[in-house]
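K.L.:
What follows is a predicted protein model with its sequence.
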Amino acid sequence: MISGFANPQRFLGLSAWLLPVTSLLAVVATAIGVVWSLWYAPADYQQGETARIMFIHVPSAWIAVGAYTGMAIGSLSYLVWGHALGDIAAKVMAPIGAAFTALCLATGSIWGRPTWGTWWEWDGRLTSVLVLFFLYLGYMALRSALEETSKASKAAAILCLVGTINIPIIRFSVEWWNTLHQKASIIREGGPSLDPSMLHPLLVMGVAYLLIFAALTLAAMRAEIWKRSADAILARQAA
């Protein structure tokens with residue numbers, strides 16, 4: 001069953017209709033989330049309008065971590081079962097995840113300046129997310145450095161799996177160390193601490209970001225599959 005779902009040709013057939021549906025849902029969710037978060041959600045009682053940046057910052061952080069987790073799953077399926085689709089997924093998720101991580105770091109820095117009085121602080125959460133960004137860059141650099149596709153895929157997959165040790169560090173850094181970054185306010189014991197008037201638009205933005213990520217990943221995977229197919233045809237013709 002797993003091998004069937006991991007078949008690139010079956011994926012092309014499935015994604016042919018899934019991609020436009022996901023893209024449409026992403027546009028709708030983004031429109032609703034932006035209007036809700038910018039015009040209807042109340043300003044924070046302490047930070048005022050500045051806190052609205054969380055509707056961009058927090059979902060980008062979720063996708064930054066989620067994309068790397070997806071890369072790890074794809075890398076594992078490639079190393080253990082040899083599924084090419086897992087390798088393709090991991091490869092195309094890397095630049096997308098890196099972009100969301102860069103957005104997370106940038107918006108966090110902008111938010112931190114008026115809130116903490118500094119653009120950057122070497123605390124556990126900020127540093128571990130920066131390490132995540134470097135892991136993305138290292139993964140892409142390693143794939144580009146090796147010419148042979150199979151060697152590049154295996155080396156990058158191993159690097160990706162080793163880098164997963166950083167994921168729990170990001171998650172629990174605010175609990176393990178004293179940091180400027182606030183502790184978890186949504187996934188926490190006792191339930192979310194955010195007021196529903198701010199929590200609900202934040203969750204909608206989270207869904208919108210997830211749909212955007214899914215649409216970009218599907219499109220990039222389709223392009224990579226067609227590229228590899230074209231390269232294989234050219235290689236056979238050359239032989």
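P.N.:
It's in. Quantities reported herein were computed from a predicted structural model and do not represent experimental measurements.
K.L.:
Let me see the ranges of the helices in the protein.
P.N.:
2-5, 8-35, 54-81, 84-116, 124-145, 149-163, 166-176, 196-238 (DSSP state H).
K.L.:
Using neighbour counts, pick out the buried residues of the fourth one.
P.N.:
Looking back up the chat, that one is helix 84-116. Using 16 or more other C-beta atoms under 10 Å as the burial criterion, the residues of helix 84-116 that qualify are 84-101, 103-105, 107-109, 111-112, 115. Glycine gets a C-beta too; all of them are placed from N, C-alpha and C.
K.L.:
what does the second one give?
P.N.:
Of all the residues in helix 8-35, those buried under the rule 16+ other C-beta under 10 Å are 8, 11, 15, 19, 22-23, 25-26, 29-30, 33-34.
K.L.:
If you average the pLDDT over it, what comes out?
P.N.:
Taken as a whole, helix 8-35 has an average pLDDT of 95.
K.L.:
can you check the shortest one too?
P.N.:
Averaged across helix 2-5, the pLDDT comes to 49.
K.L.:
repeat for the fourth one
P.N.:
In this model, helix 84-116 has an average pLDDT of 95.
K.L.:
Could you tell me how far it lies from the centre of the chain?
P.N.:
Centroid separation between helix 84-116 and its chain, computed with C-alpha atoms, centre = their mean, to the nearest Å, is 6 Å.
K.L.:
ditto for the longest one
P.N.:
Its chain's C-alpha centre and that of helix 196-238 lie 11 Å apart, by C-alpha atoms, centre = their mean.
K.L.:
Next, the angle from it to helix 149-163.
P.N.:
Angle of helix 196-238 versus helix 149-163, following axes from the mean of the first three to the mean of the last three C-alpha atoms, to 10 degrees, is 160 degrees.
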